[in-house]
Structures are given as structure tokens and as C-alpha cells.
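[1] Sequence first, then the predicted structure, then my questions.
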Amino acid sequence: MNKVVEKWDEILQIVKTEHDLSDVSFKTWLKPLTVYQVEGNIVTIIVPSEQVGLNYISKKYKLPLQVTISEVTGMENCEINFILPEDVPKKEAAAPKVQSQDTRCEEAHLNPKYTFDTFVVGSNNKFAQAAALAVAESPGDAYNPLFIYGGAGLGKTHLMHSIAHFIIDHDENSKVLYVTSEEFTNELIETIRNGNNTAMTKFREKYRNIDVLLVDDIQFIIGKESTQEEFFHTFNSLHSAGKQIIISSDKPPKDMEILEERFRSRFEWGLIVDITLPDYETRMAILHKKEEMDGYDINEEVIKYIANNIKSNIRELEGAINKVMAFAKLEQREVNLELAEQALKDIISPNEKKVITPEYIISMVAEHFDVSVEDLYGNKRNSKIVMPRQIAMYLCREIISTPLKSIGKCLGNRDHTTIMHGIDKIEKEIVSDDNLKNTIETLKKKINPQT
Ligand SMILES: Nc1ncnc2c1ncn2[C@@H]1O[C@H](COP(=O)(O)OP(=O)(O)OP(=O)(O)O)[C@@H](O)[C@H]1O
């Protein structure tokens, strides 16, 4: 099911709450709206009333709906098209829809931006990129499994999604599924909690009736007994059926200390490739690619300054450009070296030593839950934002013992009692909610891989 359709009730409720609508207004205008179709970023909605209702709804609720749809589903530049029931094309309405490329990518959990076209090849990743392309061209045939490892933010996920996009684009029948190992674990926990055979059968069908399985950050399932066991059987079932498996990790199998031998040997059946730190030329090329994709025109001196100073993580390299551009916009100043130095003073330290700050934790939590940092600072109260915000509070306290007042300051000037309440809530829920516990453990390891 499309995400907009799936979350439609939630979207309407958020518009109601955020615009303080009375029950009668909500019932009259919003509740009767239904989603007719979603194509790319265009959402067509049926308004079951006269033309006057359509005009009024369009004038008053189009923008709030567009904004909320984008926030809840992550759709970029959402456009709404309102139609009356009589405008629904009769034949087309009855015809079954062929699954579009977009829907398949969404169902496979892929980021549309992570493709081979946008992946910059440099000396640090050219072997991994070539192996990935070979697997994409001949899934199940070339190297199985393909095991990609490397440090944080160096492009493993981007490369995995590129493989998946390529396969989806070239074979309309292939079933491709990308999951993080955290998602795999949480889904299994949920299935086990349901405690019935049907749920387990469904879980197994989902993971075993596919052609290509991509599992990101496998290091997070190592040591989790039942998840490991289930993954082991999934792996065997897919591999013996000639289906392609692609795995990523922060380390090669031989360096994963508590990895059981049965996994180690299987991971070594196919091909193991690494992505190392990008050299200066590759960092420059990545920055130029980002500049081109985001439509920026940045002074070369600034690009060189960033490439010279941020060396160990491409996510941070890209984040630096965003930070400079946001700073320039806020201050309404020209983007030059002086501004870049100011904007990046907290990121570029003279000795390049990584310091975990509350801001860093907040940005990692935002990325993990696919929400913006601004949302975590802001006042939105839907569950998609509230829970990550409270997790950020909890982790600032737990990982670096940030005082409540400082956490409040970093998270949009919140009162220390609000922070205390947030931390308390997570501490209590973690005891009974295994999914939450797993998510928090994963985040802790992502933020501080030494733990
Ligand atoms: N070679 C590249 N060309 C273009 N962009 C890249 C490249 N490598 C990484 N990136 C970008 O850097 C960011 C981080 O990459 P990605 O999420 O793939 O890293 P990762 O290795 O999976 O990190 P983690 O281990 O933390 O999950 C992404 O926005 C990605 O598009």
C-alpha cells in the first residue's frame, strides 16, 4: 500500500491538531477526503462534495495537507490535485494498477537518491563499486553473498541501494528487499511477541520468497541469539535457491570477534570488498557532485577548505556543505571562506579529534528516524517526532551525561522538567519494549562505535 494511503488518517489528524480545527470543521471538510492515487509527488484526492466545497478545501487545506504529507511520508515537494467523484475516470478506476518503478523502490525501502549514477568512484571504493555493479548485472550469479565493509558514513548503504535500484530497473519481476539489521530484529521481535504460527509463517515468507535480500549493518545482530538464528536460516534458504544476498558491516568477518564460525564461513563464500577513506580528489569530486545535485554554486575555495579538513566520513563532508549553506542563508551573507570557517568551527577542530556532542547525538537520532533536526528542535507533537525527540534526550544523558538544562537548551530551549519527563519515559519503556531497547542499543553503537 502506498505510504500516503496507509498514513492518511494520521495525516488528517495532524492537520486537525496543528490547525486547531473544531470537530465539526474536521468532519465537514477533512474526514470525507479520500486518496484516489499517488503518482510520483502528485497526490490526487477525491472531494465528495459540490464544486464550492472543492474550491474552499483547496484554498484552505491544500498547503497544510501538502506539508503534512511531506512530513509524515518523506515525500519531496508534494503536490495535491483535488477532484470530484464524477471526475474519476470510470474505466481507469476499475483497472488494476501495474506496480510502478517508484512503488517497487518504495516497497524495497530504497532512497531514490542512492544510485550508481550519483555514486562517485574513487580509489577508495572502485573495487567495491565494480563488484556491486557485477552483482547488480547478474544477481545470484556473480558473487554470492557480496559482503561490503567499511567505516561509518563511507558509502556502504549508498552502494547497496544502487544495486537494488539497478536490479529493479532492469528486471520488472524481481523481488528486492533492503532492510537494516535493526529492522530485521525489530520485525522478528514483533513476530515472536505475536506468538502465533501464522505471524511466523508470514515473516518467513516475506524474507524467503524474494530474489535479492540486502541487509545493512549486520554487526548489530551479532550476539542477538534468536535474530541470528533466524537470519542464519533465511541466509541458507535464499543462498541454496540461488538468490542474491548482499550484506554490509563495519568490519570484515575475520575481525568480528564474536561472530560464530558458521556465519564467518558463509560470509566468506562470496566476495568481500571494502570501502576505505576517500582521498583528496575523491572528496573534491563528491563535494562537486553534491553541489551539482542540490543546485548550489559554491566558491571553489570553500569546497577546498571542506575537502582539506573533513577526511574521515562522507556523511560529515556532505553535512558540512549543508551547514555552510544554511548558515549563509540565516545570516544573509555571501558564501566565502570566512563564513565557512565560522559555520564549521564546531566540526573542524584543529586536531580532528572526534568529540561526541549533544548536537552530534541529535543529528544521528534525526538521521536514524528519517526526520529533520529542526523537527526535533521544534514543537511538533506527532508520534513520528515525539519519540525520536525523547530518545535524543535520553541518549544525551546516557552517553555523555549532559545536564538536563543543557539538553533542554540544545533541543529548542525546552524546560528541564520536560527533559526529565522525556528521559523518564524512555527509561520506563525500555524495560518492557524490546523493539525500543534494540533501537537504543543500535543507536548507541552508531554514535559511539567504541562501546
Ligand atoms: N562515493 C560516494 N559518492 C557520492 N556520495 C557518497 C559516496 N559515498 C558516500 N556518499 C554519501 O555519504 C552519505 C553516507 O553514506 P552511507 O549512508 O552510504 O554510508 P554508510 O557507509 O552506509 O554509513 P553507516 O555505516 O554509518 O551506515 C550518503 O549521503 C551517501 O550518499
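    In hand now; what should we look at?

[2] Now do stretch 211-229: distance from first to last residue.
    Stretch 211-229 stretches 21 Å from its first residue to its last (CA to CA, to the nearest Å).

[3] got the buried residues for that stretch?
    Neighbour counts over stretch 211-229 (16 or more other CB atoms under 10 Å) mark 211-222, 224, 227-228 as buried. To be clear about C-beta, it is placed using only N, CA and C from the backbone, and glycine gets the same treatment.

[4] In strands, which of these fall?
    212-216 (DSSP state E).

[5] which among those gets closest to residue 333?
    residue 216 (38.6 Å; CB to CB).

[6] Looks like that closest one contacts residue 160 (just checking).
    Yes: counting by CB atoms under 8 Å, residue 160 is a contact partner of residue 216 at 6.1 Å.

[7] Now list whatever residues contact both of the two.
    When CB atoms under 8 Å, 6 or more residues apart in numbering defines a contact, the residues bordering residue 216 and residue 160 alike are 178, 248.

[8] quick revisit: of the ones in strands among the buried residues of stretch 211-229, which is the nearest to residue 15?
    For those, the nearest to residue 15 is residue 216 (33.7 Å; CB to CB).

[9] Now do the phi/psi pair for the closest residue to the closest one other than its chain neighbours.
    Of all residues not flanking residue 216 in the chain, residue 180 sits nearest, at 4.6 Å (CB to CB, 6 or more residues apart in numbering). Residue 180 adopts backbone torsions of phi -90, psi 160, taken as degrees, to the nearest 10.

[10] OK, now which residue of the protein is nearest to the ligand?
    Per CB to the nearest ligand atom, residue 155 is where the chain lies closest to the ligand, at 2.6 Å.

[11] got a pLDDT number for that residue?
    Confidence at residue 155, expressed as pLDDT, is 96.

[12] just checking, it touches residue 275?
    Yes: judged on CB under 8 Å, residue 155 makes contact with residue 275 at a distance of 5.5 Å.

[13] got any residues that touch both of those two?
    Residues touching both residue 155 and residue 275 (CB under 8 Å, 6+ apart): residue 125.

[14] If we go by neighbour counts, what in whichever strand or helix holds residue 436 is buried?
    Following DSSP states H and E, one finds residue 436 within helix 434-447. Within helix 434-447, the residues that count as buried by 16+ other CB under 10 Å are 434-436, 438-444, 446-447.

[15] ok, now stretch 39-51?
    Within stretch 39-51, judged by 16+ other CB under 10 Å, the buried ones are 43-47, 49.

[16] export that stretch as CSV, just CAs?
    Extracted C-alpha coordinates of stretch 39-51, given in CSV (Å, rounded to 0.1, in the frame of the first residue of the first chain):
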residue,chain,number,x,y,z
GLU,A,39,1.9,9.2,-8.8
GLY,A,40,5.5,10.4,-8.0
ASN,A,41,4.9,13.6,-5.9
ILE,A,42,1.4,14.2,-7.1
VAL,A,43,-1.4,13.1,-4.7
THR,A,44,-4.9,13.1,-6.2
ILE,A,45,-7.7,13.5,-3.6
ILE,A,46,-11.4,13.0,-4.1
VAL,A,47,-13.6,15.7,-2.6
PRO,A,48,-17.1,14.2,-2.2
SER,A,49,-19.0,17.5,-2.3
GLU,A,50,-20.1,20.2,-4.7
GLN,A,51,-17.7,22.5,-6.6
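
[17] what does that stretch contact?
    So stretch 39-51 is contacted by 4, 32-38, 53-54, 57, 65, 69, 75-85, 88, 100, 102 (CB under 8 Å, 6+ apart).

[18] Please apply the same query to stretch 154-174.
    101, 104-105, 108, 110-112, 114-116, 118-119, 124-125, 128-129, 132-133, 135-137, 139, 146, 148-150, 176, 178, 211-212, 214, 216, 246, 248, 275-278, 313-314.

[19] Give the buried residues for that stretch.
    Quick answer for stretch 154-174 (16+ other CB under 10 Å): 154-168, 174.

[20] Grab the longest helix from the chain for me.
    Of all segments of type helix in the chain, defined using DSSP state H, the longest is helix 51-73.

[21] returning to that earlier point: among the contacts of stretch 39-51, name the ones in helices.
    Going by DSSP H, the helices hold 4, 53-54, 57, 65, 69, 102 from those.

[22] Which one of these sits in the busiest neighbourhood?
    Taking other CB atoms under 10 Å as the neighbour criterion, residue 69 ranks highest of these with 26 neighbours.

[23] could you list every residue that touches the nearest residue to it once chain neighbours are set aside?
    Distances taken as CB to CB, 6+ apart put residue 78 closest to residue 69, at 4.6 Å, once the chain neighbours are dropped. Neighbour list for residue 78: 41, 43, 66-67, 69-70 [criterion: CB under 8 Å, 6+ apart].
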